[in-house]
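here is a sequence together with a model predicted from it:
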Amino acid sequence: MPTSGASPGGITRGADCNYWFIEGVGKLARITPTGTITEFDISTTNSGPGDIVAGPDGNLWCTEQNANKIGRCTTSGVVTAEFVVPTPTASPSSITVGPDSNVWFVEASAASIARITPSGTITEFPVPTNPRGITRGPDGNIWFTEQQAGKIGRFLPP
């Protein structure tokens, strides 16, 4: 890693055919198929990026756990928006694209999963316990883990 102390996390393939990942030092990074790494700062200092996904709109979407935000970035590395999650200290972590062409994420400390539209509207949906991981299923549902409860949850988007 170019930055000392970087701890790479979530990774996704971007619309630009490069791979984008989170660095634990408040940065997003892009690695080309030939191995060239370029880093990009996230606007909010100490945001605590957790996970990243290529959105249906061609942008990259990432969770910012410490800042309680969802960030949106172009494949040029420009952060175009950071959306504040409505529940304070929700700690958004895992993120995925849903079957409804919106981006979905877990609120690890708020016992909720949430949807963010391409325009930035966030809607929260309570779940029984604090979720950890999230993914879209081929059945049209959103699937998530409830790590502390030892369960898997399923949610049909409205």
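Sure thing, it's come through.

C-alpha only now, for contacts and for neighbours.
Noted.

where does the most far-flung residue of the chain relative to its centre sit: helix, strand or coil?
Here the chain reaches farthest from its C-alpha mean at residue 34, the gap being 25.2 Å by Cα atoms, centre = their mean. Three-state call for residue 34 (DSSP: H, G, I helix; E, B strand; the rest coil): coil.

how near is it to residue 19?
Going from residue 34 to residue 19 by Cα to Cα, to the nearest Å gives 11 Å.

same question, residue 59
13 Å.

who has more neighbours, those two?
Per other Cα atoms under 10 Å, whichever of residue 59 and residue 19 has more neighbours is residue 59, with 23 against 19.

got a list of what the more buried one touches?
Contact partners of residue 59, counting by Cα atoms under 8 Å, 6 or more residues apart in numbering, are 14, 15, 72, 73, 74, 75.

would you confirm that residue 37 contacts residue 31?
Yes - in this structure, residue 37 is within contact of residue 31 by Cα atoms under 8 Å, at 4.4 Å.

helix or strand for residue 105, which one?
strand 103-107 (DSSP states H and E).

what are the buried residues along that strand?
The neighbour-count check on strand 103-107 (16 or more other Cα atoms under 10 Å) flags 103, 104, 105, 106, 107 as buried.

with stretch 67-76 instead?
67, 68, 69, 70, 71, 72, 73, 74, 75.

same check on stretch 131-148?
131, 132, 133, 134, 135, 136, 141, 142, 143, 144, 145, 146.

OK, contacts around the closest residue to the first one other than its chain neighbours?
Sequence neighbours aside, residue 146 is the residue nearest to residue 131 in space, at 4.6 Å (criterion: Cα to Cα, 6 or more residues apart in numbering). Applying Cα under 8 Å, 6+ apart to residue 146 gives the contacts 129, 130, 131, 132, 133, 152, 153.

again, 7 Å this time
By Cα atoms under 7 Å, 6 or more residues apart in numbering, residue 146 lies in contact with 129, 130, 131, 132, 152, 153.
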